[in-house]
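Enquirer: Build me a model:
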Amino acid sequence: MASGWVERVSAFCGSPSRFLCGTSSEVFLAELLRELRDDRANYNVKVLLLSPLCEYPALLCPSDSVGEETALELMSIFAQSPPKFVHFRSQLLVALTCVLTCSPDASSRLRAFPDFLDLLLQLAQDTSDLHGDAAQRSLRATACDCLREMEVLYPGLLSQRLELLGALRHQETSRLHQAYAGLQTLVLRNVVYLLTGEKEAGAVHLKALLGGNESVGWEADQNLGAASGKNSTPLSSVILTPMGTIPTLHTGPDCKELRSVLSSLLEESYLFTPLSQAERLYRLTEVVAMVPAIPPTIFRAQLLRLLGTSEVSLLHTTLLMKSAFTDSLFSSEDEAFLLKRLVVLSQHPLLSAPEKLFYMDCILHFPENRPISCGDSDEALPVLLTPRLASALLPVVFNDSATLLARFNLLSLVYLEAGEEEDGRGLEYLYDHLTSLLRIVESGGKRESIVTLFRAAFLFLFHFHHVERYCDNLSQQLCQLYLQHTRFAPHLINLANQTQEKLPDSPWAFGLLKALQRVISQTPLSQVTRHDLSWHLKVLTRAAEEGEMSQHATLRFLSGVITPSSLSWSADWRLGNGILGVCRRLLVHPSLDSILIPLADVLQHLAGHYGDTDIRDHARLYYTLLTTLSREKLATVLAHHAEGGQQVKKRTLSCLMTEGEGLTSILTIHETEAAIFRLIETHWEQPEAEDLIQDETERGEADLETYRAQFGDAAFASQVTLKFLLTHTETRDARFDQLFSIRLHFSLTDDHYSELQDLSVPCLFRERPPPVVALTLKPKQPYPTSLHVSAIFTTQDGLTWHTTLPDIHVCFQQIFLPLPAPSSWGRTGRQAVFAGLWEEISGETEECASSLFCCRLEEEALSALVEKHFLPFLVSDPAHKDQFRVLLFLPPQSHVLLKISSEEDAVHFNIATDSWQLLPHINDYLLEITAS
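Expert: Numbering: from 1, shown residues only. Just a heads-up that it's a prediction; the model follows:
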């Protein structure tokens, strides 16, 4: 059984949607909770069973009522679990936190939320393990983490517990001291932040919260309580740029309590791990930034340690602190020292590449004491970063790709800020470095070197595109590189595209494409290989997109390529498609009039002499379009190719023909605004009583084994047929009074049934009786379901329409079938099968289950209920009213057996089924029919 749960949980966590196609979230959740309550189950397996609730709580608890019931059930399991199973109890706390916090509104789960909060606080205060087993201490750590998670999601939730958290922090001597300090810091920050939003809040309110020790004060009729505030979402950072705004709490000079708490937290911060220190200092920085009465100099004692730290997290927190307080805490000497330290760390040989990249990014976003720019997103250099200081970060070819590009970008900004252009030595060094990269790639560099070259070239152009001497020289070198390595064509095209997009006013991309067109057209065809030619055609296709560029050189090159005397390669489909790609661009070129004749000659030659039939057909089409359509229509037809192959718009092709709009309407499937017709279920007619009573002399041998043998036939009793009337909706539209060739399509919403076949209805007239539609269902699991229905039909004017019908809801009772036993068995034979099934189910096999449903009914009402709902499925004699026996068959092979009897206190429905998953549906059905 344990291995089965391992497989099921693994399948669910691997793909929840696929797993729930075979069952429902309610059934799976019920199975999990039932197994968690089982005292015989292994606790290691129980820990595994909690993982779905931890990872997918919203999926298993889709509604607030289900989430609350699940949380109460888990709390009951926690109370009953033995204390020695610490790991299970800890994981149970995590699961409870996930279930309760997966809803955005905690007030919807009010019954369970305060009880769980009290449980966590009780566990956090239980210090009985201070000198005992360390394993029990992990339960307190988990409780503390859960409290932290809830405080993050519902800020202010623990605002009345600040003094308690401080006391727990002071008395704790184990590693949990760090967790309590972190929780207290988070609550303090949230309290101050929420008070900034209150107009009349001040020192009195803050003092009351710091010294209060009251209950959280949850009430069932309150929306999360006053402690959690109006915003039940995590709070964002309050530290903005130095020129941004920060919410403030005006407390006046009387802040002794807050100052005392801050000093206490800061004094012991050095005891924590670096990550914990960084988080504490960041939260405390936010608190001081929001309370002007607390001077930033309270951090001065920590500053010396922070400026000399080698921890990335602490240095990052120091920069955030500098962004918040600027020269209120950091002197100009501190600023200069911090910037120099970042420069040193950015090229320190003992640091990893990601760390050095982070430090360089910190330089680009350095928070200055006196910032000139107010932007906080664009890269901007600090004023103190001079070319001399930045010279330590000059890129070298031995750097890895990311480091080289980051240094290249940083130095480009430095030299650009310094005003170096034509005569700058720094700019010359960067260009020489770019040339070195080009030489490495030219000599056969690897893929990383190639990508680095083109990215560095883009950075150089982005910063120095106005320096024509270097840019022109770069274009020439890239053209020479392309002639030696034509496989770099995609990189060159991408470089031109990105440069044109980021620098729309720069002519460099146009000049590069023109230079490439020139070197390609001047290359003798005898020196061009088949591989080179395919790349040449791609470059020429991109060059043909430039409207101001002359295309005569391109056409001369194409004419030479298709000339048989110059063709030294096979005229295959790929080559022809490349040539047609260039021609397709030229067909929409602004200078088409000047290149009309040579382009037509190329297309005509391809249409008549090329070796591939498909290429000849396409060339013939292009030639026909070129010679018969005006430029406006030709541009309309081929515009989608010039835009990157987007789908052609409606009427693009039909507008070339007469009556094009009418033809488009006929060829288009129109969508209705609302449903035109619907399917209404016809009432099922139960068999007559005499049809159910067989002559005792006609029955044959009847036993359970013989009955089971019938299921060997796959098609035996495996289908349910439902009949519907296809009728118009109440909304009347004269266009849809007469419909023809209706094709109904049914889509499943789950995996409980086999795929359904489409149904055809010849016609539907509003003034005629509605036709009957028979829908055949083949269940895999006999559960209720819903079907999406759509239809395509034709109206009297010849137009084709598509419409969506209201969903069909298949109820549980619609799947009931009488016992599929041979008619020769008679009633006695069916009773024998009933007895055999009842005895088999009572044996308590794995899938079988028994249950009892009770209700109050008079004897006459019971007889009427049985006659109305169960007569077709009755296996006992209807005249024997002391006990009715009902056998329901549910395809493909499930049974539900009922023994209905009237007892002294109520009517008892004894239920037995060979599929325990059906019990919830049976219960709902009995509730429905007995209530009516």
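Enquirer: How about the contacts made by residue 590?
Expert: Residue 590 is in contact with residue 547, counting by Cβ atoms under 8 Å, 6 or more residues apart in numbering. Bear in mind the C-beta positions are built from the backbone N, C-alpha and C, glycine included.
Enquirer: Would you mark the buried spots in stretch 921-932?
Expert: 921-922, 925-926, 930 (16 or more other Cβ atoms under 10 Å).
Enquirer: That should have said stretch 342-361, apologies.
Expert: Under 16+ other Cβ under 10 Å, the buried positions of stretch 342-361 are 342-343, 345-347, 351, 355-360.
Enquirer: The residues you listed into TSV, with extra columns for pLDDT?
Expert: Below are the buried residues of stretch 342-361 laid out as TSV (pLDDT from 0 to 100):
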residue	pLDDT
342	95
343	94
345	94
346	94
347	92
351	92
355	95
356	94
357	95
358	95
359	95
360	95
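Enquirer: Filter these down to the ones in helices?
Expert: Judged by DSSP state H, the subset of the buried residues of stretch 342-361 located in helices is 342-343, 345-346, 355-360.
Enquirer: could you dump these to CSV with distance to residue 278?
Expert: Formatted as CSV, those follow (distance: Cβ to Cβ, whole Å):
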residue, distance to residue 278
342, 17
343, 22
345, 16
346, 20
355, 15
356, 19
357, 19
358, 14
359, 16
360, 20
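Enquirer: from those, which is closest to residue 150?
Expert: Using Cβ to Cβ, residue 358 comes nearest to residue 150 of those, at 31.9 Å.
Enquirer: sorry, back to before: between the buried residues of stretch 342-361, which sits nearest residue 577?
Expert: Using Cβ to Cβ, these come closest to residue 577 at residue 357, 42.9 Å.
Enquirer: show me what contacts the closest one?
Expert: For residue 357, counting by Cβ under 8 Å, 6+ apart, the contacting residues are 402-403, 406.
Enquirer: got a winner among these for most neighbours?
Expert: residue 406 (25 neighbours; other Cβ atoms under 10 Å).
Enquirer: Verify the stated contact: that one with residue 358.
Expert: No. If you go by Cβ atoms under 8 Å, residue 406 and residue 358 don't touch, sitting 10.0 Å apart.
Enquirer: ok so, going back, for the buried residues of stretch 342-361, which one is nearest residue 634?
Expert: When the buried residues of stretch 342-361 are compared against residue 634 (criterion: Cβ to Cβ), the nearest one is residue 357, at 51.1 Å.
Enquirer: Domain boundaries for the protein, per the record?
Expert: 1-154, 160-216+237-294, 670-686+701-814, 816-931 (the TED database).
Enquirer: returning to that earlier point: can I get the buried residues of stretch 342-361 in JSON lines including distance to residue 596?
Expert: As requested, the buried residues of stretch 342-361 are arranged in JSON lines below (distance: Cβ to Cβ, whole Å):
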{"residue": "342", "distance to residue 596": "62"}
{"residue": "343", "distance to residue 596": "62"}
{"residue": "345", "distance to residue 596": "64"}
{"residue": "346", "distance to residue 596": "59"}
{"residue": "347", "distance to residue 596": "60"}
{"residue": "351", "distance to residue 596": "64"}
{"residue": "355", "distance to residue 596": "62"}
{"residue": "356", "distance to residue 596": "59"}
{"residue": "357", "distance to residue 596": "55"}
{"residue": "358", "distance to residue 596": "59"}
{"residue": "359", "distance to residue 596": "60"}
{"residue": "360", "distance to residue 596": "55"}
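Enquirer: that's a strand at residue 546, yeah?
Expert: No. Assigned with DSSP: H, G, I helix; E, B strand; the rest coil, residue 546 falls outside any strand and is coil.
Enquirer: Neighbours of it, how many?
Expert: Quick note: residue 546 (other Cβ under 10 Å) scores 19 neighbours.
Enquirer: mind checking pLDDT for it?
Expert: If you check residue 546, the pLDDT there is 93.
Enquirer: quick one, what contacts the closest residue to residue 119 other than its chain neighbours?
Expert: Sequence neighbours aside, residue 75 is the residue nearest to residue 119 in space, at 6.9 Å (criterion: Cβ to Cβ, 6 or more residues apart in numbering). Residue 75 is in contact with 96, 112, 115-116, 119, counting by Cβ under 8 Å, 6+ apart.
Enquirer: Quick one, grab the pLDDT at residue 75.
Expert: pLDDT, residue 75: 93.
Enquirer: just residue 869 next, same as before
Expert: Looking at residue 869, the pLDDT reads 89.
Enquirer: How about residue 243?
Expert: As predicted, residue 243 sits at a pLDDT of 47.
Enquirer: What of the one 4 residues further on?
Expert: Reported pLDDT at residue 247 in the predicted model: 84.
Enquirer: quick one, phi psi at it?
Expert: Backbone torsions of residue 247, given as degrees, to the nearest 10, read phi -60, psi 140.
Enquirer: Just give the number of residues close to the residue lying closest to residue 277 once chain neighbours are set aside.
Expert: Leaving aside its chain neighbours, residue 277 sits nearest to residue 269 (5.3 Å; criterion: Cβ to Cβ, 6+ apart). Residues lying near residue 269 (other Cβ under 10 Å) number 19.
Enquirer: With residue 762 instead?
Expert: Residue 762, neighbours per other Cβ under 10 Å, totals 9.
Enquirer: So it sits against residue 739, correct?
Expert: No. Here residue 762 lies out of contact with residue 739, judged by Cβ under 8 Å, at a distance of 9.8 Å.
Enquirer: ok, which stretches of the stretch 601-750 of the chain are strands?
Expert: Applying DSSP state E, counting those that start in this stretch to the stretch 601-750 of the chain gives strands spanning 669-671, 677-681, 720-728, 738-748.
Enquirer: now, which of the contacts of residue 357 lie within helices?
Expert: 402-403, 406.
Enquirer: hey, what's residue 773 bridged with?
Expert: residue 724 (DSSP bridges).
Enquirer: how near is it to residue 816?
Expert: 21 Å (Cβ to Cβ, to the nearest Å).
Enquirer: next one: residue 415
Expert: Taken as Cβ to Cβ, the span from residue 415 to residue 816 is 84 Å.
Enquirer: related to what we said a few turns ago, which one of the strands of the stretch 601-750 of the chain lies nearest to residue 84?
Expert: Using Cβ to Cβ, these put strand 738-748 closest to residue 84, at 48.1 Å.
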